[in-house]
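**Student:** Give me the fold of what follows.
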Amino acid sequence: MIRNIDKDKNAYLVVSTIVDFAKKLKMKTIAEFVENEEIFKIVKELDIDYSQGYYFNAPKKNLF
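**Tutor:** Model prediction:
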């Protein structure tokens with residue numbers, strides 16, 4: 001859902017509902033697929049606790 005949150009109003013609505021529910025339960029939230037600045041701005045606006053995705057860095061090969 002995060003991947004399309006900047007283009008799909010239904011995705012935004014579903015994510016916002018999930019975040020509100022999680023906050024009421026005092027649960028932390030994580031957004032995956034944060035791939036650009038616009039998505040990251042929306043994630044921050046929704047008060048999602050943690051983010052990950054190509055906007056921050058590409059996945060790295062496990063060296064162990």
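
**Student:** Of all residues in the chain, which one is nearest the centre?
**Tutor:** For the chain, the residue nearest the mean C-alpha position is Ala31 (2.5 Å; Cα atoms, centre = their mean).

**Student:** where does it fall, phi/psi-wise?
**Tutor:** Dihedral angles of Ala31 (phi, psi; degrees, to the nearest 10) stand at phi -100, psi 120.

**Student:** before we move on, what about Ser16?
**Tutor:** Main-chain dihedrals, Ser16, degrees, to the nearest 10: phi -60, psi -40.

**Student:** residues contacting the closest residue to it other than its chain neighbours?
**Tutor:** Nearest residue to Ser16, sequence neighbours excluded (Cβ to Cβ, 6 or more residues apart in numbering): Leu46, at 5.7 Å. Bear in mind the C-beta positions are built from the backbone N, C-alpha and C, glycine included. Each residue near Leu46 by Cβ atoms under 8 Å, 6 or more residues apart in numbering is listed here: Val15, Ser16, Val19.

**Student:** The second one and Met1, how far apart?
**Tutor:** Distance, Ser16 to Met1, by Cβ to Cβ, to the nearest Å: 10 Å.
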